[in-house]
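*Asks:* Generate coordinates for the sequence data below:
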Amino acid sequence: MIPKPGEIHAYVLSADDAESINRRRVDAFHSRIKNKMTGAIVHVGSSVSPLDVFPIIVIKIIDAIDDASVVNGRVILDGTDVLWVTDVPMGTTDADEDITWNIIEPSKWFKYSYMNDPPA
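*Replies:* Purely as a prediction, here's the structure:
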């Protein structure tokens, strides 16, 4: 499956992704700028963990290879910020080309239909 720019899929956070997001959010929380009316936007949102799954908007196709495409994209987080990811390979999928929840690979994107909820 070769993605197209603008498509929304699923992205699995790695430990490095989660650490970076949480660090930015903690830094923003402790900064004095959050209490000023400057118009500056700070990183605010829920804490994240490795293997958390968030929507990714495909921005650019780096390598268009069926079932192995590499993309750049914006991961939409639960907060005011996003995670910009580059050179992200496609992860393992099942026969239906939906995410295989028992084979979650960090820092990969997955074709995913948001019509089907992941298991709890």
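
*Asks:* Contact partners for the most centrally placed residue in the chain?
*Replies:* By C-alpha atoms, centre = their mean, the mean C-alpha position of the chain lies nearest to residue 75, the distance being 3.3 Å. When contacts are counted by C-beta atoms under 8 Å, 6 or more residues apart in numbering, residue 75 touches 11, 13, 17, 54, 55, 56, 82, 83, 84, 85. The C-beta positions use only the backbone N, C-alpha and C, and glycine is treated the same way.

*Asks:* mind checking which helix or strand it is in?
*Replies:* Per DSSP states H and E, residue 75 falls inside strand 70-76.

*Asks:* The following helix or strand past that strand - what's its average pLDDT?
*Replies:* Next in sequence after strand 70-76, counting helices and strands by DSSP H and E, comes strand 82-89. Per-region confidence: strand 82-89 scores 90 on mean pLDDT.

*Asks:* pretty sure residue 19 belongs to a helix, no?
*Replies:* Yes: checked against DSSP: H, G, I helix; E, B strand; the rest coil, residue 19 lies within a helix.

*Asks:* Look up how far residue 5 lies from it.
*Replies:* From residue 19 over to residue 5 the distance is 29 Å, taken as C-beta to C-beta, to the nearest Å.

*Asks:* What does the nearest residue to residue 73 once chain neighbours are set aside show for phi and psi?
*Replies:* Nearest residue to residue 73, sequence neighbours excluded (C-beta to C-beta, 6 or more residues apart in numbering): residue 56, at 4.4 Å. When read as degrees, to the nearest 10, the backbone of residue 56 gives phi -120, psi 130.
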